[in-house]
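Q: no sequence on this one, just coordinates:
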């Protein structure tokens, strides 16, 4: 398999002006854009934890998701995606079928997002599928959105509805790369994170990094229709799903009030950003109800050790 | 585990002028050196295939190896190592113990080689250990050694003895980064590869990429003492071990004759490069014995699908 599959993979690395040498199973040589910083993120997905193969989850969907989650990390820093590298451990008995499906899904998303898949490493073994994608982006010096920049007085903005992603959106992830570049070009963003592990958990991380407190107006949380559907199945409220499900891959932004309002009025195409609260002095999260009453908001979400 | 271990990991990312933002589980922002290309390589190692835990293979040794093999890919392109990113799927029951051991081994080698570990992704699951290291280096435009540049008339040079790596050297990999930069600074190298899968197999790849034939003087192949020891255990000849074992991580270079001879006479400190043959028109490999007689040389080595 090694020879055929790796050769097939290499043969699919497109000519691209960003590539001096394509990688295949070797190192690739990239031409970094001048006067830019290099942004690097790596995400590993494992069968049985991040996905379960089935009729609704074929290898192409896993390939899509594995690149999409890394691109979402670039979006959360307002970095422009440039290149991706893919390392896989393929289950031996279905290695070629899974490998080709994976790369079909990867390549489709890479094309859509203007990313070149520039190399990787293919392995087979007796275990389940493991895929690790390294995404490389670029950003102007000092311009990357950070987690630790939220300011007291900022408004908190989420770029779309949350909750119920397990009903399918957790695979069909749409990384907000173009939208993030558009926002960065027009508005000031003091801090940002993508919602991978749950709105309340990721917002807690943003506030912790910024040493600030997030006040969340629960009635303004945009609840996805999937959260409502899932609520009818498990009895947990749609709001709870929106706050804790994760894998929404919307962006959570802390922005000066004028910028937040400008973004809501004039959003990137296809995006419905909503102000869900504000940043105050303190730490952690509090929920504010319609009467203005405050109560602590316990962060809930997906912890990667499975205890969450 | 997620919080404690990831925080621990993040806390160990050193301040480094190459880092604008350290990664942790997020994206990192690197300051690429001006006027240089970016070299990227990723290697994934899986428990049971690339290593077996035991008294001689503790997590620290696996951490070392996982970074070393990626750095060896940089060495094979004469790229200067800059940063590394580490994605792991840790076996749930021993996640923290293995994770800390891994990172101890990674960090020690990173320090030795001047590489900053700038970020990563930590996961736990019910499967065996999987670790994927992305190494990032830099090189002057057009200066990366390639696989496809060998010229008829070049001499073939190997930087050290081969064979028997399974007796321990396959873990204690010494990537030839400094040596490769020294060689690149003083000599012309037309093509290069590191010996990961076996001298004869990797040389075949070099010749295939260059559309040339390699003539190998079998009596000049530097046979490692480990190959002799292993031969006494399994009856395969020491030379066969040297030609096919792999995981030597020495460099295999195609160089103009004068440069090859200069390198042999005046090698980097600690290196014993040896001329093992020459490049001629044709394809594949032939072995030349002491009488000058030629016969085909079948490439043997490690194919990642386990059929090799």
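A: In hand now; what should we look at? Fair warning: this is a prediction, and the values are worked out from it, not measured in the lab.
Q: Who are the contact partners of the closest residue to chain B within the stretch 151-300 of chain A?
A: Residue of the stretch 151-300 of chain A nearest chain B, by CB to the nearest CB: residue A:193 (8.1 Å). For glycine as for every other residue, the C-beta is placed from the backbone atoms N, C-alpha and C. Residue A:193 makes contact with A:76, A:147, A:202, A:203, A:205, A:206, A:251, A:252, according to CB atoms under 8 Å, 6 or more residues apart in numbering or on different chains.
Q: Serialize those residues to CSV and add fields for secondary structure.
A: As requested, these are exported to CSV (DSSP: H, G, I helix; E, B strand; the rest coil):
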residue, secondary structure
A:76, coil
A:147, coil
A:202, helix
A:203, helix
A:205, helix
A:206, helix
A:251, strand
A:252, strand
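Q: quick one: which of the residues you listed has the most company?
A: For the contacts of residue A:193, neighbours were counted by other CB atoms under 10 Å in any protein chain shown; the highest total belongs to residue A:76, with 31 neighbours.
Q: how close does it get to residue A:41?
A: Remark: distance between residue A:76 and residue A:41 (CB to CB, to the nearest Å) = 9 Å.
Q: Longest strand in chain A, please.
A: strand A:80-91 (DSSP state E).
Q: mean confidence score for the helix or strand just after that strand?
A: Scanning forward in sequence from strand A:80-91 by DSSP states H and E, the next helix or strand is helix A:95-113. Throughout helix A:95-113, pLDDT has a mean value of 95.
Q: just the angle between helix A:95-113 and strand A:80-91, please?
A: Taking axes from the mean of the first three to the mean of the last three CA atoms, to 10 degrees, one finds helix A:95-113 and strand A:80-91 inclined to each other by 170 degrees.
Q: what are the pairing partners of whichever helix or strand comes after helix A:95-113, and which direction each?
A: Using DSSP H and E, the helix or strand that follows helix A:95-113 towards the C-terminus is strand A:116-125. Under the criterion DSSP bridges, strand A:116-125 sits next to strand A:80-91 (parallel) in its sheet.
Q: Centre of the chain to the strand it pairs with, how far?
A: With CA atoms, centre = their mean, to the nearest Å as the basis, strand A:80-91 stands 15 Å off its chain's centre.
Q: And stretch A:141-158, by the same measure?
A: 17 Å.
Q: Need the distance between the two termini of that stretch.
A: Distance between the two ends of stretch A:141-158: 25 Å, counting by CA to CA, to the nearest Å.
Q: May I see the buried residues of that stretch?
A: Neighbour counts over stretch A:141-158 (16 or more other CB atoms under 10 Å in any protein chain shown) mark A:144, A:145, A:146, A:147, A:149, A:150, A:154, A:155, A:156, A:157, A:158 as buried.
Q: ok, now which ones touch residue A:90?
A: A:98, A:99, A:122, A:123, A:124, A:125, A:129.
Q: Save those residues as JSON lines, and put in neighbour count too.
A: Formatted as JSON lines, the contacts of residue A:90 follow (neighbours: other CB atoms under 10 Å in any protein chain shown):
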{"residue": "A:98", "neighbour count": "23"}
{"residue": "A:99", "neighbour count": "25"}
{"residue": "A:122", "neighbour count": "24"}
{"residue": "A:123", "neighbour count": "24"}
{"residue": "A:124", "neighbour count": "26"}
{"residue": "A:125", "neighbour count": "24"}
{"residue": "A:129", "neighbour count": "24"}
